[in-house]
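Enquirer: Quick one, what's the 3D model for this:
(chains A and B)
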Amino acid sequence: MTVTERAPGEEQLGTLVEMAWDPITRIIGNLGIYTKIDFAHKRVAECHSTSSLFRGYSVFMKGKDPRDAGFITSRICGICGDNHTTCSVYAQNMAYGIDNPPLGEHIINLGEAAEYIFDHTIFQDNLVFVDFCEAMVKETNPSVLARAENTEAPNAGIHGYRTIADIMRAFNPFEGAVYKRALQVSRTTREMFCLMEGRHVHPSTVYPGGVGTMPQPTLFTDYLTRLLSVLDFVKEAVAMNDDVFDFFYEALPGYEEVGRRRVLLGCWGAWQDPSVCDYKYEHMTTWGRAMKVTPGVIVDGELVTNDLVDINLGLRILLGSSFYDDWAGEEPFVTHDPLGNPVDMRHPWNQTTLPAPQKRDFNDKYSWVMSPRWFDKRTGDHLALDTGGGPLARLWSTALSGIVDTPYVKATGHSVRISLPKSEKLPETTLEWHIPQWSNAIERDRARAYFVAYAAAMAVHFLEVGLGLIRGGDTKVFNDFEVPDDAIGCGFHEAVRGVLSHHLVIKDKKIANYHPYPPTPWNGSPRDSYGTPGPYEDAVQDMPIFEENGPDDFKGVDIMRAVRSFDPCLPCGVHMHVGGGRVLKKVHSPMFGASHG
Amino acid sequence: MSIDAGTQSPARNPSSAQPRQGFDHIDILWISEGMSCDGDTVSVTAASQPPIEDVILGLVPGLPSVTLHNKVLSPTLGGEAFLAPFRAAARGELEPFILVIEGSIPNQNIIEGEGYWTSFGNDPDTGEPLTLNWWIDRLAPKAWAVVAVGTCATYGGIHAMAGNPTGSMGLADYLGWDFKSKGALPIVNIPGCPVQPDNFMETLTWVLYHAAGSSPPPPLDEMLRPQWIFGKTVHEGCDRAGYYEQSDFARDYNSPKCQVHIGCWGPVVNCNVPKRGWMGGVGGCPNVGGICIGCTMPGFPDKFMPFMDAPPGGSLSSMMSKPYGVFIRRMRSLTNHTLNKEPKWRHNGAALTSGYDPRYRP
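Expert: Residues are numbered from 1 along each chain as shown, chains lettered A, B, ... in the order given. Sure thing, here's the model as predicted:
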């Protein structure tokens, strides 16, 4: 994030107001954000993010039957639990030496596509957009609302709202038309999910080796008709999001700095291609690149790697500010991967979780989240990658690799083209998402609307392939297996809000070690042992404030937009706190700016 | 609607045919900071019978008007704006309210020193986190009704599994099974991992009718579950139970037949999901190919693990039913074969052979 130079004289006089939001609403889980705000310069001086929840999955899974892992890990998350089940199936398949039959794989792919459509829709329209709705903007930036009333919406021909303010009104909670319709769409799309994976949010029909879902033509008919019924909504949502976000850039010059950080994105790939994927570690580079969202690590706009083996070996779990004891002195579980590469002691395969509850101290230990980082062997840096809330990294990585080429989604090297079929109101539509100039709050939010379209388009493709298999008589959905005495496995997937990995070690047919790393530990991590802040902290720290209210009635909407753009989901891993605009403590800070370098 | 409010409905009460003796308005204080995944809150947004927004907007006749304070759905930005009604209720300044607890209750007594397993807001004086246990101790005695949503809050669930580090338990384990709220109700338990969306909304609606004074309290069984929802087993509502009767069992998950040999606990689990579906009648568990892992039960998960093996009693009961089942299956197969043939008088021949007899007398 850009640091603005300040004159030393000003710093001496800077008055910092502590502001905290705890718990943060409209997210899943316990997140607190603690800031120091410099109202004179309208900037956030310092930010800490903390999660106040520890449940101990990696502790109580030890010694259990490894086949139970998909059922148990689903319970980590109440909105994307199925992503865990799926990722666990990937990891178990590797450990058991099996794959899913093609139809079983496509049923999981269809379930996961419905999950992306559902989850991004309810989060964007019912949770994120409350920060951009008329009721909110009226209280935080009345002048922006006045301008919105007089600004014609460029895409009115698609979504039907004449002015930007009309769109904002449609997002007012529980009353606005789009808010209410989004709730309905989130139900229709969850029904699509339930058709493929049984139940939302903890699936019933997904097993290692495939699914128990009955592959009847009816299954696909029921899914297709529901999908077609939401396509108008999906197309209109992209148009409305583009209109509102472009308006914010225009109405508030400099808004691109809100939630902005260096481009440090990670994406672990989504949707296996069963014609390539055999789940063998030795072939992971090949089948990883065949995924229908391409994995990748992107640093400063450059694709560092799209090889899942590289991605795997670079994983490091650091401590520093977390309530755990270190495991460096414990016995490692995996010294080398199946290709013979050395595996670091700080890799999830070798982690031992040693909880140590203690008093929260922002100068020492303050969170139940650890600090996952990715080791960049080119520079020796431990990078605090973020997921861009999921969609931003997925689209960016897919676009740069330029590999995905399906009838409805195509990556070009600099963009992703998404084609959706004709729907009730709107014609066949091709949308194009371009790599943006910034990794910031607005681009994270905008990417989400486009990724809903991406997932819907891929669903059309998976339906066609799946129905083709059924019509050809290939209805196998499950491959039987034996649990080996000793094995290791890893799974890489995209949870709705970003990277998800599961690392599994089996000894004597039991789980010896199991470590899931969902997106929020990456995004919501605290300062690590090198002092590097986590992405929320980094994105909020030093960002400008555009809210018109002063310290007495400050809402913190810009900060909340920055944090919510990451789609926080803290059962997976984090905690913001504003004292209702109260000045908790005035700090005359001669050290201003020295605490974050 | 103000963003500082909870999810407040417009100020108008739904009409009712009867004179009311109960409350015109009630707040719902929902804390999901137990050991949970927030999956029950998410699940409730899937309900359509009735949908949560219809209750909030006052569209269901006979209910009091409701203000919902739930972290995921709150229009506030969070922090003190969101916590204000919880703090008011803890001071005794907000009545009446229904307390909804989501997630299991960790054991704070096992922590030495000042740590915590989960918290909800901070102590304004010290700035340190307030534990979930602190809130329950203050809110439960003042609540008109207490509802535990999901298997974690009702009985402990996944986070109370053997080997867990947090000592987690269900709400009744924490408050006592004989706990009575200010409205003289026991804890209302609605288990499920997560809760089936319409099961929750239907039960909440009943509690709200009771709050309005227009219905008796909901009938609960000895595990404090609504009787009409949990009074039957999965198997009794499962469309694969016919295979069991005929002793015809799935050997792996490709099969559409009864799954008791590959991990399904349906015959001994109290739950209505195969009959009601998961949402809008779609999805479920053994009815759609997912083994029942007993996620509504007090013994979940440990007594059902490993999930994918046959339950110990399953092979015995299915072995005993085998002679009957195999015989019945064969007989039905013969009958079914006959029923799949049309009667012989349906033909395009020159003569009518249907037995037509206009002057028939018995």
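Enquirer: How about the backbone phi and psi for residue 37?
Expert: Reading this off chain A. In terms of degrees, to the nearest 10, the main-chain angles of A:Ile37 are phi -120, psi 140.
Enquirer: Settle this for me: it is touching A:Met543, isn't it.
Expert: No: with contact defined as Cβ atoms under 8 Å, A:Ile37 and A:Met543 do not form a contacting pair (10.2 Å). Any C-beta I mention is one placed from the backbone N, CA and C, and that applies to glycine too.
Enquirer: and for those two, which residues touch both?
Expert: Residues touching both A:Ile37 and A:Met543 (Cβ atoms under 8 Å, 6 or more residues apart in numbering or on different chains): A:Arg43, A:Val44.
Enquirer: Excluding chain neighbours, what is closest to the residue in the stretch 301-450 of chain A that chain B sits nearest to?
Expert: Nearest residue of the stretch 301-450 of chain A to chain B (Cβ to the nearest Cβ) works out as A:Pro357 at 2.6 Å. Nearest residue to A:Pro357 in three dimensions, chain neighbours excluded: B:Gly115, at 2.6 Å (Cβ to Cβ, 6 or more residues apart in numbering or on different chains).
Enquirer: Please name the residues that touch that neighbour.
Expert: B:Gly115 touches A:Phe323, A:Ala356, A:Pro357, A:Gln358, A:Lys359, counting by Cβ under 8 Å, 6+ apart.
Enquirer: Angles on the backbone of the fourth one, please.
Expert: Meaning A:Gln358. Backbone torsions for A:Gln358, taken as degrees, to the nearest 10, come to phi -160, psi 170.
Enquirer: same check, this time on the first one
Expert: The phi/psi pair for A:Phe323 (degrees, to the nearest 10) reads phi -80, psi 60.
Enquirer: From B:Glu114, how far out is it?
Expert: Distance of A:Phe323 to B:Glu114, computed by Cβ to Cβ, to the nearest Å: 11 Å.
Enquirer: Please say which of these two ends up with more neighbours.
Expert: Using other Cβ atoms under 10 Å in any protein chain shown as the criterion, A:Phe323 and B:Glu114 rank with A:Phe323 on top: 25 against 13.
Enquirer: Could I get the pLDDT score of the more buried one?
Expert: Among the per-residue scores, A:Phe323 holds a pLDDT of 91.
Enquirer: my guess is it meets A:Lys365, correct?
Expert: Yes: here A:Phe323 reaches A:Lys365: they are 5.5 Å apart, a contact under Cβ under 8 Å.
Enquirer: Need the overlap of contacts for these two.
Expert: Contacts common to A:Phe323 and A:Lys365, judged by Cβ under 8 Å, 6+ apart, are A:Gln358.
Enquirer: what sits against A:Asn479?
Expert: With contact set as Cβ under 8 Å, 6+ apart, A:Asn479 has these partners: A:Ile98, A:Asp99, A:Asn100, A:Pro101, A:Gly104, A:Gly209, A:Gly210.
Enquirer: ok, so of those residues, who is nearest chain B?
Expert: Comparing the contacts of A:Asn479 against chain B with Cβ to the nearest Cβ places A:Gly210 closest, at 6.9 Å.
Enquirer: Tell me how many other residues surround that closest one.
Expert: 29.
Enquirer: One more: the one 3 residues further on?
Expert: Counted with other Cβ under 10 Å, the burial measure for A:Thr213 works out to 28 neighbours.
Enquirer: Likewise for the one 5 residues further on?
Expert: Residue neighbour count, defined by other Cβ under 10 Å, stands at 10 for A:Thr218.
Enquirer: Surely it is in a helix?
Expert: Yes: counting by DSSP: H, G, I helix; E, B strand; the rest coil, A:Thr218 is part of a helix.
Enquirer: gap between it and A:Leu467?
Expert: Distance of A:Thr218 to A:Leu467, given as Cβ to Cβ: 11 Å.
Enquirer: quick one: average confidence on the lengthiest helix in chain B?
Expert: Secondary structure of chain B per DSSP state H: the longest helix is helix B:322-339. Helix B:322-339 carries an average pLDDT of 92.
Enquirer: buried stuff in it?
Expert: Judged by neighbour count using 16 or more other Cβ atoms under 10 Å in any protein chain shown, the buried positions of helix B:322-339 are B:Gly325.
Enquirer: Just the helices from the stretch 151-300 of chain B, written as ranges.
Expert: Using DSSP state H, counting those that start in this stretch, the helices of the stretch 151-300 of chain B run over B:171-175, B:197-212, B:227-230, B:241-245, B:273-276.
Enquirer: Kind regards, and thank you for your time.
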